[in-house]
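sequence unknown, structure follows:
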C-alpha cells in the first residue's frame, strides 16, 4: 500500500517544525540564562557604578565592596597561560597525527587523546595538587626566586605552588583534546591536490605543511582555538583546586589568583545573608557569560573575515 | 632529434595489479608529446612516473628505468625535490594555493631562495609566458581563488614555469575548462615547446592533433603505438590504434 502524497507532506512538515522547535529551544536557552542572571544582578548594578565593579580592586562583601577586577584579571591570566602552553603543543601534535603518523599510530593515539576529554575535571584538579603544585613550590618557584628577579610577570619572592601557573598548566592539559581533535580534522580536510601542487613544485613535505596546508586550514584552526579558549574561560573545578583563590590581581605567574568561575562555585549559597552578595556573584556569572560570547563572536567575525580576505 | 627523457621497461604495480606494462619510449627534447588512450589506460600514471609524483600514492611499485638527460630518476642518488623542480606538472583541475596571485607564482622561486627584484621579475616573466600578465597585473595582491577557472589554470601554468623547469607535464589541462579558456591554454602549450619539452595527457584527439608533434597510444597499460602525430593519426599500424583514432570507442 503506498502512502498518499498528503500524508507524506504532513510528515515532512512535522519533521521540519520539530527540528525548528528544538533549535529554538537550545538557542533561546542562552538568552534565558543571560536574562535570568541580569535580573538577579540588577540590584547591585543599580546601586554601584559599573566602572567600580569592573575595575574595583577590593573585594570585601561584608563592607559592601564588590570590586571584580582581581577575578577578571585572574581569569584572563589563567586562560592566557593555558593557551600559550597548549597551542604549540596541540598544533604540533595535530600536524603529526594528520600528516606524518601512519594509519596504525593514528588509530591508537586519536582515541586516547579523545579520552582525555572524558576525564572528570576534579581528577585533573587532584593531579594538579599532587604533581603540578609541588613541582612549582619545590622547583620552579625557588628557581624563579633565585634567577628571575627582574623579569616581569615571572619574578616572585615566594610561591606556595598554588598559582596562576598551576591553574594554567592544568587547564592547558584539559584543553588539549579539544584543540588537537578539531585541528587534526581540519588539517586532514585540506584537499590532497593542495599538497600535490606544492610538492610538484619541489617543496619538501615540511615546506608544504608550513606554507600551504596550515595556511589553508587557518580558519578551522582558529575555530579550534576559540573552542579551547571558551572551555578554558569557563572551567571551574580543576582551576579552583590549584589556583590558590586569593582575591588579589596577580602580578606574577607564581602568585595565587581567583578566577571568576571559582569565585562563584566557592561562595554561592554560602554567605547569602550579606546584602548584595548573591547579586554580585550572579553579576560575575553574567560577566563570564558575556566574556565567552564576546570572544566567540569577535573571533568568528573579525578574524574570520581577515582570514577570508587574505587567504581564501 | 635528441631524446630528453628515455623510458625503458617501465612497469608500475598498484596493489599487485599491473597499471603499466613494460613501457619503452623516447620523449624528444623541445617537442610536444601527447599521451592518448581510453580512460583508465594508465596515461596519468605514466605521466606521474616522469616526475615521481607517483611516489605519493601508497601501494605503488615502479620497476624499470626512466632517465632525464641520461640520469636515472629512480636512482638512489636522485634528489626528488630537485627532479620535480626540473620536471614541472600542471594538473587537470586548477589548484590555486591559499594565497595571493603574486604569492602563488612566487611560491616556487621562494623555495629556492629567490627574493627581491629577481623574484618580481620571475613572477612577471612567468605570468607573461602563461599569457596571464595583462589580465592580472593590476590585481596581483588579490587571492588567487577570485580568478576565473580558466585564469586559474594559466596561473598554475605560470607557477610551474616560475621554477624554470626543463620539462612540463600536463595532465588533461583543459578538461575542466570551458571551450574558450581551453583554447587559450592550448595555445600556450603549443608556444611553450620553443623553450620546454612538453608531455601532455589528453583524451581529446583533436587537441592531440592540434598541439602534438609525437603521439603515444596507451591501452590497458601497454604502449600500443608511438610515432609522429601524422603517423599515428593518418596511418596507424595497430588494430586498436586504428579503432581508437577513428573514434570507435574501445
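Cool, the structure landed. Bear in mind the structure is a predicted one, so any value in this text is a computation, not a measurement. Numbers count the residues shown, from 1 in each chain, chains lettered A, B, ... in the order given.

what residues does chain B have near chain A?
Neighbours of chain A within chain B, by Cβ under 8 Å from any Cβ of the partner chain: B:51, B:53, B:56, B:81-85, B:88-89, B:91, B:93, B:95, B:97-100, B:107-108, B:111-112, B:143, B:145, B:156, B:159-160, B:163. For the C-beta atoms, the positions are set from N, CA and C on the backbone; glycine is no exception.

can you list the weak-confidence ranges in the chain?
No chain specified, so I'll use chain A. Where chain A drops to pLDDT under 70, the residues are A:1, A:271, A:307-312.

wait, chain B
The model of chain B has pLDDT under 70 over residues B:249-250.

residues in contact with the residue positioned nearest the centre of it?
Taking Cα atoms, centre = their mean, the centroid of chain B lies closest to residue B:169, which sits 1.5 Å from it. Taking Cβ atoms under 8 Å, 6 or more residues apart in numbering or on different chains, we find residue B:169 in contact with B:47, B:50-51, B:87-90, B:199-201.

thinking again about what came up before, buried ones from the residues of chain B next to chain A, can you make that a ChimeraX selection?
Buried residues among these (16 or more other Cβ atoms under 10 Å in any protein chain shown), as a ChimeraX selection:
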select /B:51,53,81,83,84,85,88,89,91,93,95,97,98,99,100,107,108,111,112,143,145,156,159,160,163
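
in strands only, show me the residues of chain B next to chain A.
If you go by DSSP state E, these have B:88-89 in strands.

what bridges to the residue nearest to the centre of chain B?
Note on residue B:169: beta-bridge partners by DSSP bridges are residue B:89, residue B:199.

and it, how far is that from residue B:12?
In this view, residue B:169 and residue B:12 are 16 Å apart by Cβ to Cβ, to the nearest Å.

residue in chain A nearest to chain B?
With Cβ to the nearest Cβ, the shortest gap between chain A and chain B falls at residue A:202, namely 3.7 Å.

residues contacting that residue?
Taking Cβ under 8 Å, 6+ apart, we find residue A:202 in contact with B:81-85, B:108, B:111-112, B:163.

what's the closest non-adjacent residue to it?
residue B:85 (3.7 Å; Cβ to Cβ, 6 or more residues apart in numbering or on different chains).

isn't that neighbour up against residue A:199?
No. Contact between residue B:85 and residue A:199 fails when scored by Cβ atoms under 8 Å: they sit 11.1 Å apart.

got the contact list for the closest residue to chain A within chain B?
Across chain B, no residue is closer to chain A than residue B:85, which sits at 3.7 Å (Cβ to the nearest Cβ). Residues in contact with residue B:85 (Cβ under 8 Å, 6+ apart) are A:201-202, B:108, B:112, B:163-165.

the residues you listed in helices, which ones?
Of the positions in the contacts of residue B:85, residue B:108 sit in helices, assigned by DSSP state H.

can I get the contacts of residue B:85 in TSV with distance to residue B:66?
As requested, the contacts of residue B:85 are exported to TSV (distance: Cβ to Cβ, whole Å):
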residue	distance to residue B:66
A:201	20
A:202	17
B:108	22
B:112	23
B:163	20
B:164	21
B:165	16
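
burial measure for residue A:221, as a count.
Using other Cβ atoms under 10 Å in any protein chain shown, residue A:221 has 22 other residues around it.

how about the helix or strand encompassing residue B:12: buried residues?
Per DSSP states H and E: residue B:12 is located in strand B:3-14. Neighbour counts over strand B:3-14 (16+ other Cβ under 10 Å) mark B:3-7, B:10-12, B:14 as buried.

which one of those residues is nearest residue A:138?
residue B:14 (59.0 Å; Cβ to Cβ).

the lengthiest helix in chain A: how far from the chain's middle?
The longest helix of chain A (DSSP H) is helix A:5-47. Its chain's average C-alpha position is 25 Å from that of helix A:5-47, according to Cα atoms, centre = their mean, to the nearest Å.

which helices and strands sit right next to the helix or strand just after that helix?
Proceeding N to C from helix A:5-47, the next assigned helix or strand is helix A:50-55, under DSSP H and E. If you count contacts as 3 or more Cβ pairs under 8 Å, 6 or more residues apart in numbering or on different chains; DSSP states H and E, helix A:50-55 packs onto helix A:69-95.

can you give the distance of the helix it packs on from its chain's centre?
For helix A:69-95 - counting by Cα atoms, centre = their mean - the centre lies 8 Å from the chain centre.

now for residue A:108, how many residues are close by?
Around residue A:108 sit 10 other residues, with neighbours defined as other Cβ under 10 Å.

and the helix or strand encompassing it, what's buried?
Assessed by DSSP H and E, residue A:108 sits inside helix A:103-118. Across helix A:103-118, burial judged by 16+ other Cβ under 10 Å covers A:106, A:109-110, A:113, A:116.

for it, packing partners?
helix A:164-188.

the residue nearest to residue B:194 when sequence neighbours are not counted: what's it in contact with?
With sequence-adjacent residues excluded and distances taken as Cβ to Cβ, 6+ apart, residue B:194 is closest to residue B:30, at 7.1 Å. Applying Cβ under 8 Å, 6+ apart to residue B:30 gives the contacts B:4, B:193-197.

re the thing from before, please tell me how far the residue of chain B closest to chain A sits from residue A:277.
Distance from residue B:85 to residue A:277, counting by Cβ to Cβ: 71 Å.

repeat that for residue A:196.
Here residue A:196 is placed at a distance of 63 Å from residue A:277 (Cβ to Cβ).

distance check, the residue nearest to residue A:202 against residue B:157.
Separation of residue B:85 from residue B:157 (Cβ to Cβ) stands at 16 Å.

equivalent analysis for residue A:183, please.
Distance, residue A:183 to residue B:157, using Cβ to Cβ: 33 Å.

also residue B:190?
For residue B:190 relative to residue B:157 (Cβ to Cβ), the value is 13 Å.

between these two, which one's more packed in?
It is residue B:157, of residue B:190 and residue B:157, that has more neighbours when counted by other Cβ under 10 Å, with 27 against 14.

can you name the residues that contact the residue nearest to the more buried one when sequence neighbours are not counted?
Spatial nearest neighbour of residue B:157, excluding adjacent residues (Cβ to Cβ, 6+ apart): residue B:130 at 4.2 Å. Residues near residue B:130 by Cβ under 8 Å, 6+ apart: B:154-155, B:157-158, B:161, B:188.
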